[in-house]
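[1] sequence? don't have it. structure:
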């Protein structure tokens, strides 16, 4: 997962005065352990993401309060995370553009994978409301954020030669439909269609 490294560095607007997200995340983990809590992996990741976003807002110049955070600030945060990405996204001029398994290295940049960003936004959207934010004001659900994620998905699919479309499972035939295909005699025995023969001509029976 691409987002493992984004908690350590400070925001590009940071004054690098020390502390950072690592200390906040460690403090939260320590307090949780002391309280004997054992949150799920999802809840733990959501808490780390929320702390990271809060640190980003505090390091922003000028600092941003959560109440003033908009979809534009969320986009700024997602683009900031790209510098910690580990997914190669080929440029259109690259000979490996659209190649799912490049045979050689290239100088194209590393980015956050679409799946990582999509999951991150989902966790932060839930965390925003869990921390008192109103659903109608949720910046992580803004239309601009949804459009950005869609553009990233389409661009990475083309650049990497992969498909993000979910494969549809084949549904088993409905029992009623299967029963309609065959016929049964009075005793419930199955009679294939080819058993339906025309009656013999008169005088054929001995």
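    On my side now, so go ahead. Being a predicted model, the structure only gives us computed values, none of them experimental. Numbers count the residues shown, from 1 in each chain.

[2] which element is the closest residue to residue 77 other than its chain neighbours on?
    Distances taken as C-beta to C-beta, 6 or more residues apart in numbering put residue 56 closest to residue 77, at 5.5 Å, once the chain neighbours are dropped. Using the backbone N, CA and C atoms, a C-beta is placed for each residue, glycine as well. Take DSSP states H and E as the rule and residue 56 turns out to sit in helix 41-59.

[3] you'd agree residue 77 is up against residue 55?
    No: applying C-beta atoms under 8 Å, one finds residue 77 not in contact with residue 55, separated by 10.6 Å.

[4] where does the protein have its least confident helix or strand?
    Across the helices and strands of the chain, mean pLDDT, DSSP states H and E gives its lowest value to helix 20-34, namely a mean of 43.

[5] how far away is residue 140 from residue 121?
    Applying C-beta to C-beta, to the nearest Å, the value for residue 140 to residue 121 is 5 Å.

[6] which neighbours do these two share?
    Common neighbours of residue 140 and residue 121, using C-beta atoms under 8 Å, 6 or more residues apart in numbering, are residue 74.

[7] three-state assignment of the residue nearest to residue 53 when sequence neighbours are not counted?
    Closest residue to residue 53 apart from its sequence neighbours, by C-beta to C-beta, 6+ apart: residue 124 at 6.0 Å. Of the three states, residue 124 takes helix under DSSP: H, G, I helix; E, B strand; the rest coil.

[8] ok, residue 124 to residue 78 distance?
    Going from residue 124 to residue 78 by C-beta to C-beta gives 10 Å.

[9] more crowded one of the two?
    residue 124 (22 against 19; other C-beta atoms under 10 Å).

[10] wouldn't the more buried one be in contact with residue 52 here?
    No: with contact defined as C-beta under 8 Å, residue 124 does not reach residue 52; the gap is 9.2 Å.

[11] so where do the strands sit in this structure?
    Here the chain has its strands, by DSSP state E, at 87-88, 110-111, 183-184, 190-191.

[12] much appreciated, bye for now.
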